[in-house]
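Peer 1: Below are the sequence and a predicted model; questions follow.
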Amino acid sequence: MSEVPRIFDRKARAQRLNRAARRSGGSFLIEEAANGVADRAGAANRRFHNALDIGSAGIAFEIVRPVADRWTRATFSENDVLEPPGQQFDLAVSVLALHAVNDLPGALIQIRRALKPDGLFVAALLAGDTLKELRESFAAGEETISGGVSPRVAPFADVRDLGGLLQRAGFNLPVADTERTTVRYRQFETLVNDLRAAGETNALVQRARKPLRRDVLAASLAHYKSFHAEEDGRLRATFDIVYLTGWTPHESQQKPLRPGSAKTRLADALGVTEQKAGDTAPVKRD
């Protein structure tokens, strides 16, 4: 079995989250993601009695708390082991924590095992095109000044891949949906402050340990302003929050119909004329 590559420095990640928790003002990203998780758990129209919160930071736990009676809080260790294990829950949630684990497939399997049959899992994580403008601008600035690029913005998973990981982990009725927020900043420093407030500054294993050179920063900002600014000079920043929802298998859940068991023809449902294979005549619609 091949070893999972270490992309994130888990100690550095924990330090950034702890530092963010001590800041005043909170994070709009954390609040938005937590509200999305709470809404999806609430939509299940079920009262959850014994719930697990996995790594939710800042105000997130207070936002999701009302959806269940009793809570256990846990985190993934440096080796991506879910702590504490053992007990089974009827709900597990995670707000902006799973995108920074090194072994996400393994993490999802552990979460599924921590749930009772017919238990619900809901998570929010950064994914997709999150911070694409910042990643591109840092790369362009460093390439211009020093002729090389160091990793400064984390890689983010594709929403389709995340849906597939839910299935691989053994969840039924998996859903992965994206909500995009585009923020327009008057100053670059405000974007940096928002990332610090969410604990989302650079925690990559291969990050540069030396401070960013001023000339590199200036070149990066010049690129940002040239390619990712509005007419009024505001800087765009993209945040894609992907929500994952899945259920642990149970006999009461919906099951796909057997092939050939449908009682209504697909052509009738779509309102089109059925064609045999090889027929190239145009389809007529009512």
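Peer 2: Yep, that arrived.
Peer 1: Tell me the bridge partners for the residue most central in space within the chain.
Peer 2: Within the chain, the residue whose C-alpha comes closest to the C-alpha centroid is residue 125; the distance, by CA atoms, centre = their mean, is 1.9 Å. In this structure, residue 125 has the following beta-bridge partners (DSSP bridges): residue 242.
Peer 1: Residue 29 versus that one, what's the distance?
Peer 2: Taking CB to CB, to the nearest Å as the criterion, residue 125 is separated from residue 29 by 11 Å. Placement of C-beta: from N, CA and C, glycine included.
Peer 1: which neighbours do these two share?
Peer 2: Between them, residue 125 and residue 29 share the neighbouring residues 96, 241, with contact defined by CB atoms under 8 Å, 6 or more residues apart in numbering.
Peer 1: got the end-to-end distance for stretch 92-105?
Peer 2: Across its full length, stretch 92-105 reaches 16 Å between end residues, using CA to CA, to the nearest Å.
Peer 1: Flag every buried residue along that stretch.
Peer 2: 92-104 (16 or more other CB atoms under 10 Å).
Peer 1: How are the helices of the stretch 51-200 of the chain distributed by residue range?
Peer 2: Read by DSSP state H, counting those that start in this stretch, the stretch 51-200 of the chain holds these helices, from start to end of the chain: 60-64, 104-113, 132-146, 159-168, 188-197.
Peer 1: Nearest to residue 153, out of those helices?
Peer 2: Taking CB to CB as the measure, these were each checked against residue 153, and helix 132-146 came out nearest at 4.0 Å.
Peer 1: count of neighbours near residue 150?
Peer 2: Residue crowding around residue 150 was assessed by other CB atoms under 10 Å; the count is 17.
Peer 1: Could you pull up the contacting residues of it?
Peer 2: If a contact means CB under 8 Å, 6+ apart, then residue 150 has 142, 206, 207, 208 as its contacts.
Peer 1: Residue 105 too?
Peer 2: For residue 105, the contacting residues are 165, 168, 169, taking CB under 8 Å, 6+ apart as the criterion.
Peer 1: Let's have those residues in TSV, adding pLDDT and distance to residue 77.
Peer 2: Written out in TSV, the entries for these read as follows (pLDDT from 0 to 100; distance: CB to CB, whole Å):
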residue	pLDDT	distance to residue 77
165	96	20
168	96	22
169	97	19
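Peer 1: What about those residues, which one has the most neighbours?
Peer 2: Scoring these on neighbours with other CB under 10 Å, the highest-scoring entry is residue 169 at 22 neighbours.
Peer 1: Would you map the strands across the stretch 1-150 of the chain?
Peer 2: In order along the chain, the stretch 1-150 of the chain carries the following strands (DSSP state E, counting those that start in this stretch): 48-54, 68-76, 82-83, 89-95, 115-127.
Peer 1: packing partners for the third one?
Peer 2: Pointing back at strand 82-83 there. Packed against strand 82-83 by the contact rule (3 or more CB pairs under 8 Å, 6 or more residues apart in numbering; DSSP states H and E) you find strand 68-76, helix 104-113.
Peer 1: so how far is the first one off the chain centroid?
Peer 2: Meaning strand 68-76. The gap between where strand 68-76 is centred and where its chain is centred comes out at 19 Å by CA atoms, centre = their mean, to the nearest Å.
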